[in-house]
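1. sequence and predicted model, in that order:
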Amino acid sequence: MLPPESVLTRDLAEWLPRQRWFGGKDSPVEDLSIGTATELRAGDPGLYHLILDVRQNGATDRYQLLLGVRRDLPGRLGYARIGGPPGGGTAVTQHTYDAAHDPDLTRTLLEHLATGASVGPLRFRHVPGARIRTDLTSLPITAEQSNTSLLFGDAYICKLFRRLGDGVNLDLEVNLALTRAGCEHVPAVHGWIELAPGGDGAGGQPVTLGLLSDYLRTGADGWSLAIASVRDWFAHTTEPEDDEWAELDASAAGGDFAAEAERLGAATADVHRALADAFGVTVLPADDVRALAARMNEELTGTCRAVPVLAPHAKALTGAFIDLAAQAEPLPVQRVHGDYHLGQVLRSESGWSLLDFEGEPARTQSERRALSHPLRDVAGMLRSFEYAARFLITRSGTVPLESGGHLETRAHAWAARNRAAFCRGYAAAGGPDPAAHAVLLRAFEFEKAVYEVRYEARHRPAWLPVPLKSLAHLTA
Ligand SMILES: Nc1ncnc2c1ncn2[C@@H]1O[C@H](COP(=O)(O)OP(=O)(O)O)[C@@H](O)[C@H]1O
Ligand SMILES: O=P(O)(O)O[C@H]1O[C@H](CO)[C@@H](O[C@H]2O[C@H](CO)[C@@H](O)[C@H](O)[C@H]2O)[C@H](O)[C@H]1O
C-alpha cells in the first residue's frame, strides 16, 4: 500500500534533487505532487508507477519513478531508500525506495512487455513478432545518465526516461524508424512503455516512458576507448626536443584511435543518410539561418551572464556566429542525433552503434525535435574529441604535473588527429564534407561549447575547466 500522500511527497521532495538524473538541480523545488499512481504489483514488495509533477521557477516538469514499497528494506537496497521509518510518524510503517534497483520488482516490466499488457493508463508494447524473455534479472547500469537504464541479463537494456516529454519520445521514434529501415548502426528496438493518450490528463498523444532494446554486450563506449588512447598517448615516453612539439605526431602512440575515429565518421554518415530517408529533408531559408545565428548569439550572452568565466571567449565565439549570419544560404535540414558525443556511441564486434537520439537534455522538446544540418552532429563529436583530449589533464590527478604545459600540446595533437580522421571517414562515406562547410561547422561547434559550459556549470561544476580549456585553444 502507498504511504499517506503527505508523507510520500515530503520524502520525494527531499530525495529527488539528490538524484543524478534530476534536471532541475539549480533551483529549489517549489512544489511536488503525485500526478498518477498506478499499482503494477500488489503485495510486499509492492510496485507503483508514479508520475510526479515538480514545480520549479513557476513551471512544472513531470518525472517518472518506479516506487518500491516494503515493510522491511534489505541492506542491499538501502542506497535506493526514499523514505520510511524511523522518524516518519506513527502512520509510516513501510519503506519506500527507487524500485529501478530491485530485480524482484523490475521483472514485472518484462512480463507486461511480453504480453503487451495495459495497466491503468500504462501501455506496454512490443514490436510485431518480438518474443520478450521474462526470465531475466535486472541490474541498473552505472553510467553517468540523465535517465536510468536497466540491463536484463545480457539480452536487453531498458531505458526508463526520468523527465517526461510531451509525446512520443524522440529516442523511441528514431530508433524504431531506424530499426524498421534495417539500419545496422542502432541497437534493435524490442518494445516500449507509454502512457495512453489523455492518461495523464494531457493531450492526444501517448507519452513514452521506457524503451527496451538489444543490449550490445560486447560494446565498449567511445568515451572509454578514447580516454584509453589519450592515456597511452600521454604516457608515450619519447619526449621531442622543445622546438619539435608543434609537429607532434599523435600516431606514434600504441593506442592510436584514429582508425576508429574514421570508422565512426563513416557510421555517422550512414545513420544521417538513413535518417534522411526515413524522415525526409527540407530546406531552411537563408533568413532562418540568420535567425539561427542570432539564437546562438543570444545563448552565448545568456551563458556569459550565468557563467561569467565564459566571458573572455565571448568575442571569438560571437565572431563565428556573425560569420554564419553573413554567409547565410539555404541549408538542407533533417533529423539528426542532436546530442552527439563519444559517450553516445558503442564499438562492438559489428562496428559502431549510435545511442540516445533524445537530443540535449537541457533543451525543450520542440527544440530537440527541430530539424538541423547533419554537421551539427559532426560538431558535437569534434567537441567530444576536445573533451577526451583534455579530460586527463583537467580532471584526473594521475598525470605528472611537471609536464603540464607539454600535455596541453599533446592533448591538442591527439584531438587534431582524431578530429581529422572522423571528418575524413564522414566525408568518404557520403556525408557533407566538413572541410567544405568550415563556417557552419565552426558555428555549430561554438554553439555546442557554449551549451557545454552551461551544462557543466549546472550539473558538474568540477568539469567546467574541460570545455574552457578547449575553448581557450579553439578561440586563440
Ligand atoms: N543497446 C545498448 N547496449 C549496450 N550498452 C548500452 C546500450 N544502450 C545504452 N548503453 C549504455 O548505457 C549508457 C547510457 O545510455 P543512453 O541511452 O546514452 O542514456 P541517457 O540518455 O540516460 O544518457 C551508454 O553510454 C552505454 O554505455
Ligand atoms: O549523455 P547525455 O544525453 O546525458 O548528455 C549530457 O551529458 C553529457 C555528459 O555526460 C554531456 O557531454 C559532455 O561531456 C562528455 C564527457 O562526459 C563529452 O564527451 C561531451 O563531448 C560533452 O558535451 C552532454 O553535453 C550533455 O548533453
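-> Happy to help now that I have it. Ligands and ions are numbered 1, 2, ... in the order given.

2. so what's the residue of the stretch 251-400 of the chain found nearest ligand 1 closest to, chain neighbours aside?
-> Each residue of the stretch 251-400 of the chain has a distance to ligand 1, by C-beta to the nearest ligand atom, and the smallest belongs to D356, at 3.4 Å. The C-beta positions use only the backbone N, C-alpha and C, and glycine is treated the same way. On the basis of C-beta to C-beta, 6 or more residues apart in numbering, the spatially nearest residue to D356 that is not a chain neighbour turns out to be Q344, at 5.0 Å.

3. flag every residue of the chain that's near ligand 2.
-> Residues of the chain found near ligand 2 (C-beta under 6 Å from any ligand atom) are 144, 146, 223, 339, 341-343, 356, 360-361, 383-384, 387, 452, 455.

4. now, of the residues you listed, which are buried?
-> Among the residues of the chain next to ligand 2, those that count as buried by neighbour count (16 or more other C-beta atoms under 10 Å) are 146, 223, 339, 341-343, 356, 360-361, 383-384, 387, 452, 455.

5. point out the least confident one among the residues you listed.
-> The pLDDT minimum for those sits at P361, where the score is 75.

6. number of nearby residues for the closest residue to A196 other than its chain neighbours?
-> For A196, the nearest residue in space outside its immediate sequence neighbours is P121; the separation is 5.0 Å by C-beta to C-beta, 6+ apart. Neighbouring residues of P121 were enumerated by other C-beta atoms under 10 Å; the total is 19.

7. wait, doesn't P121 sit right on G35?
-> No. In terms of C-beta atoms under 8 Å, P121 does not count as a neighbour of G35; the distance is 10.1 Å.

8. list the buried residues of the helix or strand hosting L300.
-> L300 belongs to helix 286-306 when assigned by DSSP states H and E. In terms of neighbour count (16+ other C-beta under 10 Å), helix 286-306 has its buried residues at V289, L292, A293, M296, N297, E299, L300, T303, C304.

9. name the element the residue nearest to the fifth one when sequence neighbours are not counted belongs to?
-> Counting by C-beta to C-beta, 6+ apart, N297 lies nearest to F321, which is 4.5 Å off, once chain neighbours are set aside. Per DSSP H and E: F321 is located in helix 314-326.

10. distance between that helix and the chain's centre?
-> Counting by C-alpha atoms, centre = their mean, to the nearest Å, helix 314-326 is centred 27 Å from the centre of its parent chain.

11. so which elements touch that helix?
-> Helices and strands touching helix 314-326, as assessed by 3 or more C-beta pairs under 8 Å, 6 or more residues apart in numbering; DSSP states H and E, comprise helix 286-306, helix 438-459.

12. any buried residues in that helix, and which?
-> A314, L317, T318, A320, F321, D323, L324, A325.

13. so whatever residue of the stretch 101-250 of the chain ends up closest to ligand 2, which of the three states?
-> Of all residues in the stretch 101-250 of the chain, S146 sits closest to ligand 2, with a separation of 3.8 Å (C-beta to the nearest ligand atom). For S146, the secondary structure call by DSSP: H, G, I helix; E, B strand; the rest coil comes out as coil.

14. distance of it relative to Y63?
-> Here S146 is placed at a distance of 11 Å from Y63 (C-beta to C-beta, to the nearest Å).

15. any bit of stretch 336-349 sitting next to ligand 1?
-> Yes. Counting by C-beta under 6 Å from any ligand atom, ligand 1 has neighbours in stretch 336-349: G343, Q344, L346.
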